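Undergrad: Below is the structure, and that's it, no one-letter string:
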């Protein structure tokens, strides 16, 4: 069993024991169940744009297969994993139809299908689900609000991001904007100017999108179709950077809930410290709280990049932490070593990771920081470790107050430093700014999950800083 499997099993087992100990307050049970459910939920990615943009190519790239023909007539299409492949559609006249072997039957549909739902047996769809939707500018606000309720990441596909598209995007909820891409398609026409165009778009729209990238779906899909994969063409198309960025979101998503599970279990340690071990028998794969047993995790253990040994601890070590009441140990630990960066990927499937291994080593080297930046990163880690120690030592710590104070200190300090040209260092600054905004909102909301979210947010900043210290 890998460290990733151990981390997920330990987190799941701790949550299950709490849900079945009979002592967890009802108000906390829903929180524990929500975290547990997230281990089995795919990262929801929406591919959006105005009609006429090649969103189908982006969907095919993410899915790892040609799931949409270039002329597929779907205004909105959803893709989820199932071993039994089906296609359910709503036609323009309101008629509903169902098919099997959907990729062979889409050709018989009419030219305007408002909604299609694919269930496909594809490895990538165990980790992500996809929603492709044409956004009509005249009804953008309503459409984007509907999409935001079903998305963890939004990708706006464009060739020019014209005024009508900008007006449409201006209506998106803030939570959607914070995890979004502007994807400029047709990069094959840029003739070596991809980086220059990306930077120009980034400078103009950095407040509207989390990432701005250029991509040639034509070249990316051609590179993947080659035997073996044409890595040079794949990278030149922008697909390598695009897939790697999606994978980082995937890892962050899973790690966020691993952090929440660990903190939640430790916070309620007194409820399960004396529970007999046999109470957990039969629950290692999830609590039987529903009519149907949960399916095997759709994300799979491959996606959960575990970045700290405290989180990776098997249950025996977790029980030791529970006994000691060491709630904020990970944040307090000022560790120097972190795992090396993930390799860039050709697809979401980890089975193809090896095709990009050499390139990943080159990219890891380019992420290195100079001595001045190293000193600054060490200061950030030290600040976060100090507040972790403070929270660990106080009997009843005010998590939100301490979290707000330290992230304010971190961001204020970062703002006094000269802007770095190093992409990794800039990423830490960006994460810190986002963390500051998030923790301010948590302080205002101050609900049952706020403390968990605050600690997880601080850990993300700390991990990224630590990773660069050994790059």
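TA: Perfect, thanks for sending it. Fair warning: this is a prediction, and the values are worked out from it, not measured in the lab.
Undergrad: I'd like the next helix or strand past the helix or strand containing residue 431.
TA: Using DSSP states H and E, residue 431 maps to helix 423-445. Under the assignment DSSP H and E, the closest C-terminal helix or strand after helix 423-445 is helix 450-469.
Undergrad: Now that following helix: average pLDDT?
TA: Mean per-residue pLDDT for helix 450-469: 83.
Undergrad: and it, how far from the chain's centre?
TA: 14 Å (Cα atoms, centre = their mean, to the nearest Å).
Undergrad: relative to helix 423-445, how tilted is that helix?
TA: Here helix 450-469 points in a direction 170 degrees away from that of helix 423-445 (axes from the mean of the first three to the mean of the last three Cα atoms, to 10 degrees).
Undergrad: following the longest helix seen in the chain, which helix or strand shows up next?
TA: What stands out as the longest helix in the chain, according to DSSP state H, is helix 239-267. The helix or strand immediately downstream of helix 239-267 is helix 269-272, counting by DSSP H and E.
Undergrad: OK, contacts around residue 383?
TA: Contacts for residue 383 (Cβ atoms under 8 Å, 6 or more residues apart in numbering) come out as 406, 409-410, 413. Bear in mind the C-beta positions are built from the backbone N, C-alpha and C, glycine included.
Undergrad: and of the residues you listed, the nearest to residue 206?
TA: Residue 206 has its nearest neighbour among the contacts of residue 383 in residue 410, at 20.4 Å by Cβ to Cβ.
Undergrad: my read: residue 434 touches residue 178, true?
TA: Yes - applying Cβ atoms under 8 Å, one finds residue 434 in contact with residue 178, separated by 7.0 Å.
Undergrad: Could you check which of those two has the larger neighbour count?
TA: Between residue 434 and residue 178, counting by other Cβ atoms under 10 Å, residue 434 is the more crowded of the two (18 against 14).
Undergrad: pLDDT value on the more buried one, please?
TA: pLDDT recorded at residue 434 is 83.
Undergrad: ok now do residue 268, which residues does it touch?
TA: Here residue 268 is in contact with 18, 24, 28 (Cβ under 8 Å, 6+ apart).
Undergrad: again, only this time at 6 Å
TA: residue 18 (Cβ atoms under 6 Å, 6 or more residues apart in numbering).
Undergrad: Please report the distance of it from residue 12.
TA: Note on residue 268: its distance to residue 12, by Cβ to Cβ, to the nearest Å, is 15 Å.
Undergrad: still on that earlier bit, relative orientation of the longest helix of the chain and helix 423-445 in degrees?
TA: Using the same axes, to 10 degrees: helix 239-267 against helix 423-445 is 40 degrees.
Undergrad: Packing partners of helix 239-267?
TA: Judged by 3 or more Cβ pairs under 6 Å, 6 or more residues apart in numbering; DSSP states H and E, helix 239-267 is in contact with helix 3-20, helix 26-39, strand 211-215, helix 450-469.
Undergrad: Residue 179 versus the residue nearest the centre of the chain, what's the distance?
TA: In the chain, the centroid-proximal residue (Cα atoms, centre = their mean) is residue 249; its distance is 2.9 Å. Separation of residue 249 from residue 179 (Cβ to Cβ): 7 Å.
Undergrad: And residue 253, by the same measure?
TA: 9 Å.
Undergrad: Looking at those two, which one has more neighbours?
TA: The residue with more neighbours, out of residue 253 and residue 179, is residue 253; 23 against 18, by other Cβ under 10 Å.
Undergrad: residues contacting the residue nearest to that one when sequence neighbours are not counted?
TA: Closest residue in space to residue 253, ignoring its immediate chain neighbours: residue 43 at 5.1 Å, by Cβ to Cβ, 6 or more residues apart in numbering. Neighbouring residues of residue 43 by Cβ under 6 Å, 6+ apart: 128, 152, 250, 253.
Undergrad: Out of those residues, grab the one that's most surrounded.
TA: residue 128 (27 neighbours).
Undergrad: just checking, it touches residue 44?
TA: No - contact criterion Cβ atoms under 6 Å: residue 128 and residue 44 do not qualify, at 7.5 Å.
Undergrad: Can you give me the buried ones in the one helix or strand residue 389 maps to?
TA: For residue 389, the host element (DSSP H and E) is helix 371-393. Going by neighbour count (16 or more other Cβ atoms under 10 Å), the buried part of helix 371-393 is 373-374, 376-377, 380-381, 383-392.
Undergrad: what sits in contact with each of residue 249 and residue 179?
TA: residue 153.
Undergrad: got the phi/psi numbers for the residue lying farthest from the centre of the chain?
TA: Distance to the chain centre peaks in the chain at residue 93, reaching 37.2 Å (criterion: Cα atoms, centre = their mean). With angles defined as degrees, to the nearest 10, residue 93 sits at phi -90, psi 10.
Undergrad: repeat for residue 52
TA: Torsion angles, degrees, to the nearest 10, at residue 52: phi 100, psi -10.
Undergrad: confidence score at it?
TA: 84.
Undergrad: Repeat that for residue 352.
TA: 44.
Undergrad: now residue 58, nearest residue through space, not along the chain?
TA: Nearest non-adjacent residue to residue 58, counting by Cβ to Cβ, 6+ apart: residue 47, 5.1 Å away.
Undergrad: my guess is the one you found meets residue 155, correct?
TA: Yes - in this structure residue 47 lies within contact range of residue 155 using Cβ under 6 Å: 5.1 Å.
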